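Asks: Have a look at this prediction, sequence included:
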Amino acid sequence: MKNYKRPYNHQPAFTLIEACVGLILVSIIMTILQFALPNLKAQPVLVTPVNLTWQNMISALEESDQSFKWVEIVDDGHTLKLMRKLDASSPEPKEYLLKLTKSTHTLYLSGVAGGYMPIVYHVKKVQFEKRGHRIWMAVEYIDGGTNEAYLAITKKAT
C-alpha cells in the first residue's frame, strides 16, 4: 500500500465560519459608526449649562473692581459698546463690543482693537435697550429658552 501525503498540513488557521463571523462583526461596527458620526459631530464641544454661563457673564460685566461702563447701543440694538479701565496705570479705558456671531451662535466680548472672548453659547438672538439709565438685555437661545436682565452698569460719563 502506498503512503500518500496529505495535501494539507493541519496548521492552525481561521475556518470559513470564523472568517464570516469576523466580517459580519466588522460590518455591524462600521454601520453603527456610519449612523453615529453625524450625531456626534452635531453635538457642541462645550456643554456648559446655559444658565451657568449666563450668570457668569452677568457677574463679569457687573464686577465692582473693574466694572464696565456702557457707551452706546449700536447695530440696531444687537451690539452693546462698553468701556473699561483695566487698572490705575492704564491711561485710557479700553473699548469693547458685546455682540452675537450668527455663524457660531456665540455671544462674545471683543476688543475694538482686536481679540475676543466667547461668553454665552447657543444664542439665537440678542437685544439691548436703553431703559432709563440702565441697559436691558434679552437673549433667546437656539433651544427656545430665554434670559433677560437689567445690567447693573452705568453709562460712561461724557
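Replies: Okay, I see it.

Asks: any idea how far the residue nearest to the spatial centre of the chain is from W136?
Replies: For the chain, the residue sitting closest to the mean C-alpha position, by CA atoms, centre = their mean, is Y121 at 4.4 Å. Counting by CB to CB, to the nearest Å, the gap from Y121 to W136 is 22 Å. In this view, the C-beta of every residue, glycine as well, is placed from N, C-alpha and C.

Asks: I73 too?
Replies: Counting by CB to CB - I73 and W136 are separated by 10 Å.

Asks: that older thread, what's across from the residue nearest to the centre of the chain in the sheet?
Replies: T106 (DSSP bridges).

Asks: shared neighbours of I73 and W136, which are they?
Replies: F128, E129, K130 (CB atoms under 8 Å, 6 or more residues apart in numbering).

Asks: Narrow the residues you listed to those in strands?
Replies: With DSSP state E as the criterion, strands contain F128, E129, K130 from among the shared contacts of I73 and W136.

Asks: S110 should be in a strand, yeah?
Replies: Yes. Applying DSSP: H, G, I helix; E, B strand; the rest coil, one finds S110 inside a strand.

Asks: Poorly predicted segments of this protein, please.
Replies: Confidence mapping of the chain against pLDDT under 70 gives the ranges 1-11, 40-52, 64-66, 86-90, 158.

Asks: any idea where the strands of it begin and end?
Replies: Counting by DSSP E, the strands of the chain are 69-74, 79-84, 94-101, 106-111, 116-121, 123-131, 134-141, 146-151.

Asks: For the last one, name the packing helices and strands.
Replies: By that I understand strand 146-151. helix 50-61, strand 134-141 (3 or more CB pairs under 8 Å, 6 or more residues apart in numbering; DSSP states H and E).

Asks: Now tabulate those in TSV and tack on distance to L98 and mean neighbour count.
Replies: Converted to TSV, the helices and strands packed on strand 146-151 look like this (distance: least, CB to CB, whole Å; neighbours: other CB atoms under 10 Å):
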stretch	distance to L98	mean neighbour count
helix 50-61	8	15
strand 134-141	8	17
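
Asks: Could you chop this protein up by domain?
Replies: In the domain annotation for the chain, the residue ranges read 12-43, 50-151 (automatic domain parsing).

Asks: Return the distance of the biggest helix by length in the chain from the chain's centre.
Replies: Taking DSSP state H as the criterion, the chain has its longest helix at helix 16-42. Distance, stretch centre to chain centre, for helix 16-42: 31 Å (CA atoms, centre = their mean, to the nearest Å).
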